[in-house]
Each structure stands twice: as C-alpha cells, then as structure tokens.
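Student: predicted coordinates and the sequence they were generated for:
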Amino acid sequence: MQTHDEILAGVAGVQERRSSRRGVLRGAAAGGALTLAAGIGSAPRAAAQNGAGDAVSVLNYALTLEHLENVFYRDGLAAIGPAAFDTFGFDGTVFDYLAEIGANETAHVETLTSVITDLGGEPVAEGTYDFGDAFASVETFLATAQALENTGVDAYTGAAQFLIDEDELLTAALTIHGVEARHAAYLNILNDTSPFPDAFDEPLTPAEVVAIASDFINDAEVATPAAFEGGDASGAAAGTAGA
Amino acid sequence: MRPLHERFLDDVAAERQRLSRRRVLAGSAKLAGGGALAFAVTAAPGRPGLAGVRAQDAFEDDVAVLNYALTLEHLEYAFYRDGLEQFTDADFGQGPFNLSISDFLAAIRDHEQAHVEALTATITDLGGDPVSEAEYDFGYTDAASFLSTAQALETTGVSAYDGAGQFLADPGLLTVAGTIVAVEARHSSYLNLINGLLPFPAAFEEPLTPTEVLDIAGPFIVAEVAAEGSDDAATEEAEGTGAEATPQATMETEPTEEPPANVEAAPPTEETEETVEDLEVILVEVEDDEATPSG
C-alpha cells in the first residue's frame, strides 16, 4: 500500500517536471507573454477530430477524477470526523467547508454521469481507491486534498481544448473547472501555501494526470480514452485513434 | 447617492438572481452558457437537457475574445494597482493564519498585470489591436468596500471567461484562457474567504454573456484613455490625474516602439459615457437574450 508520502512524492515529481519545463520556457522570453505564446504553439492535438464519442471520453475522464475526489471527501471526512478539526486552529469552519467541497464533488459526479448518459455514453462507475494514510490525520488529509484539487484544476485546464467543438459541454466543463480552482485555493491556504502561487495555472496532459491519479485507484479503471492518448507526449495520436 | 460599489454589488446580485430565475425555466430557455445551465438542473427530476441551448452573444474572432478578456484584465489590474496605493497593510489587517491580506492583494495585482501583458502581447502577435487601459471609477471608500468590490470583480471575471471560452476557435488559446480563469477563480475564492463568504458558493460557476458582464463592469469605466491605433499610446502619453498615477508602471511586455512611460495615466481625451458603446464594438452582439423568445 502506498503511503501518503509516496503519493505526494508522485505529485511532486510531476509538479517538478512542469516547473522545469516552465523554467526553460521562461528563460527564453519574458513572463506571461511567453506563456501565451507557448499555448498557441502547442495547439490542436486530438481536438480536431472530436465528435460526440470523443466528448464522452473527455467527460468520462473528468468523471473519473470527480469520483476520486468525491470518495476522498466522503470517506475521509467520515473517517476523521469533525472533532479532529476543532483543534486545527483555523476558524472553526474548516470541517464544514470541506464537507461543502465534498458536496460540490458529489454534484459534479451526478451531473457528469447524467450528461454522459444523455449523450448515449457509458459513464464510468465509482472505483475502489487507496488513499494511503491520508485519513490518518487532519494534516495528511489536507495535504492529499490539496494535491488532488490542484491536479483536478490542471486536468480540466489541459482537457478543455478537447471540447472545443462542443460549446455547451465546454462551457459546462469550465463551470466545474472554476469551482475546482476555488477548492484548490482554499486548500492551499489550509496547507499554509499561497492560494494563487502563479499568475497562470498549468495545464496537465491526460497522461500526467493519470500518472498521478492512478496512484490512488486500485482497480485500474482509470479512464484513458483512446481519443486522448493522441494528446499525450507519445505522439501516437493517429495510430491510437484509428486503432 | 449610494456608493458605486454598492450599486455594483447589487447589480451582481440581481444578475445572479436573474440567472437563477432563468435556470428554473431551463427546459426550454435559450441561455448563454447553456451547458452550465443544463448542469445546474441536475438535481431536478429528469435529466439535464443540452438541446436548444445556445449562447446569445458572439465574437468576430479570437482576437475579439481576447480583447474582451483584456478589457476586464485592464480593469482589474488598475483596480488593485491604484487601490493598493491608497491603503496601508493595517487598513486591510490580517486574513487566515494571520497572513497579511495586503501581501496577497499585491500578488493578485501582479497576476492581473501579467494577464494584461500576456493578452496584449498575444493580441499583437495575432495581428490585432489590443485595447488600452481606460479610466475607471470604482467608488470604494475604505478598505472594506475595496475588498467587497474586489470580491465581486473577481467573481465576475470568472463568469466572463467561462461564458466566453466557447467562442475561442484556437485550442491553444482556449488552454491559455483556462490557465488564466483558474487563477481568477483562485482569487475569487480567497476574496470570498476574507469577505466572510463561502469560497465556493456553488458547485458550478455561472457563465455570463458579454452583455451581462458589460452591464456589470461598464459602470466602472469612466472614459477610454488611449484611442484607436496601437501607436497612439506613445503620443498620448501624459502626466496622470494625480493619485492614480503609479510610479511602477514598468511594463515588461514585448517592447513595441513606445516608451514604457505612464501610459495608463493619460488624461481622458473625451469625458463621455460612450465608453460602453466603444467596448461593445469589440463584440458582435447578435441579440439581446432577454428580448428573444426561447424556441
């Protein structure tokens, strides 16, 4: 079983890769403008071929993460209980606010499930998860929650482009994305880090997200839709999509 | 006359109420940000319907979307830059974990500046004319009203990006917009928190159409400063109107020919309220959704 530290180390590894990548880019030109330029350069990938089937893949990818988050709060808050948060020393609202985050994740799960069904797709089901020792203490819970939420934001940021031809689904995904960012900011604060560490968030590719999320997921049901694998660094877009 | 920021907050509240009301009518309504609408009604019996839901405003092209975003980023940046000059750390006090609120506000200001610079450079790269900073009146009177205005501004910013994202045609630009809106949502979360509000008041953000956003943000814009072409900023450079002028207007954008002087501090060339109309030139307004019967 993975320990909490191992999981966080996995997250840190990805974050570090991102930082160094970003650092290299930053060295080449000035600040934010560059970030935008980099965004333009790294264009379409799988987006061009997106049809309804691909949209379902994207939504199932999101749903996979929402299931993970939903279970994390549901089980974790039940396991730890409100009393443990009384001594956390913030302002007495932490447990309730975390429960509110959990309720948001539940709403995301229900909504994505419903929309995927409407689109004729098969929504991924909740899996079984291993959160290591995240539920051992308030501190480990909050650190893991922070990692999950920040990863969630980056996942949506990276995947939004795959919905570019599906205006309504894209807008809907963005409305979830913003809420995940709100959660991430709050959890950063609880972990004594800046709620907004940079002027731009970083998109994560599905491959990077799956590398993180699969640490928590036991039954290997991580949605890695074929349409997505073209978005990975592997560059196997055409082959994968056509396979 | 009531302070502007109070009217602004009322506008935000009214807009949200209107959206909620419309949400009830979801089944048949034609709404901007329709997906979110469909999402929002999940709790109701039956499934959310995605059919027939369309946005009402549209943009001419990606540059127009980016200029819309830039308009709001200019407003936000000016708000923090000028506001933070007027208050001390003590005025704001301490937030969670006894951390200085003004430090975080300064970080937000720097983010907004980075967004302005990045959007300006990108629009220029795309061959467009980036909109310039305007002159604003935010109407706050003390640190508390500054903070509540900040909270509303950031929340509106998130809604604006969420509503406009669908109009971007370039996936790379969409990703970039995503990296910005996430940060705006982080700002909003923090500002909610220090204003005593739930940082995440709903499971879904409310996307707003450009028209709705202009209804909210337009009243802050007193006058447009720099005029049409991108070279005008240099020629119109002038001393500011006083307190708003900030010494650290060192913009590190891709250097155009213009000197990096106090461009933002140029006096209003014309004191008219045609600014909102000017802004709307950015938008290709198709129709007013309120006036359009749903299909």
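Tutor: Looks like it came in fine.
Student: from now on I want contacts and neighbour counts done on CA atoms only, so please keep to that.
Tutor: Noted.
Student: pull the helix or strand with minimum mean pLDDT from chain B.
Tutor: In chain B, no helix or strand scores lower on mean pLDDT, DSSP states H and E than helix B:34-40, which sits at a mean of 31.
Student: what bits of the chain have low per-residue confidence?
Tutor: Because you didn't say which chain, this covers chain A. A:1-53, A:89-91, A:219-243 (pLDDT under 70).
Student: oops, chain B please
Tutor: B:1-57, B:225-295.
Student: and the residue of it nearest chain A?
Tutor: Across chain B, the shortest distance to chain A (CA to the nearest CA) belongs to residue B:118, at 3.8 Å.
Student: okay, now that residue: neighbour count?
Tutor: Around residue B:118 there are 25 other residues, counting by other CA atoms under 10 Å in any protein chain shown.
Student: assign it to helix, strand or coil.
Tutor: helix (DSSP: H, G, I helix; E, B strand; the rest coil).
Student: just the buried positions in the lengthiest helix in chain A, please.
Tutor: Counting residues, the longest helix in chain A under DSSP state H turns out to be helix A:52-80. For helix A:52-80, the neighbour count (16 or more other CA atoms under 10 Å in any protein chain shown) marks A:54-74, A:76-77, A:80 as buried.
Student: which among these are in contact with chain B?
Tutor: Residues of these in contact with chain B (CA under 8 Å from any CA of the partner chain): none.
Student: any idea which helix or strand carries residue 123?
Tutor: Picking chain A for this. Assigned by DSSP states H and E, residue A:123 belongs to no helix or strand.
Student: my question was about chain B
Tutor: helix B:101-125.
Student: direction included, what does the helix or strand following that helix pair up with?
Tutor: Under the assignment DSSP H and E, the closest C-terminal helix or strand after helix B:101-125 is strand B:134-136. Strand pairing for strand B:134-136, determined by DSSP bridges: strand B:221-224 (antiparallel).
Student: please point out which parts of the helix or strand containing residue B:172 sit buried.
Tutor: Taking DSSP H and E as the definition, residue B:172 sits inside helix B:171-194. Residues B:171-194 are the ones in helix B:171-194 that count as buried (16+ other CA under 10 Å).
Student: need the strands for chain A, in chain order.
Tutor: Remark: no strands are assigned in chain A by DSSP state E.
Student: excluding chain neighbours, what is closest to residue A:131?
Tutor: residue A:216 (5.5 Å; CA to CA, 6 or more residues apart in numbering or on different chains).
Student: isn't that neighbour up against residue A:134?
Tutor: No. Counting by CA atoms under 8 Å, residue A:134 is not a contact partner of residue A:216; they are 10.5 Å apart.
Student: how about the residues of the stretch 151-295 of chain B by chain A?
Tutor: Residues of the stretch 151-295 of chain B lying near chain A (CA under 8 Å from any CA): B:158, B:162-163, B:165-176, B:178-183, B:185-190, B:198-200, B:202-207, B:252-254.
Student: and if we set it to 7 Å?
Tutor: B:162-163, B:165-166, B:171-176, B:178-180, B:182-183, B:185-187, B:189-190, B:199-200, B:203-207 (CA under 7 Å from any CA of the partner chain).
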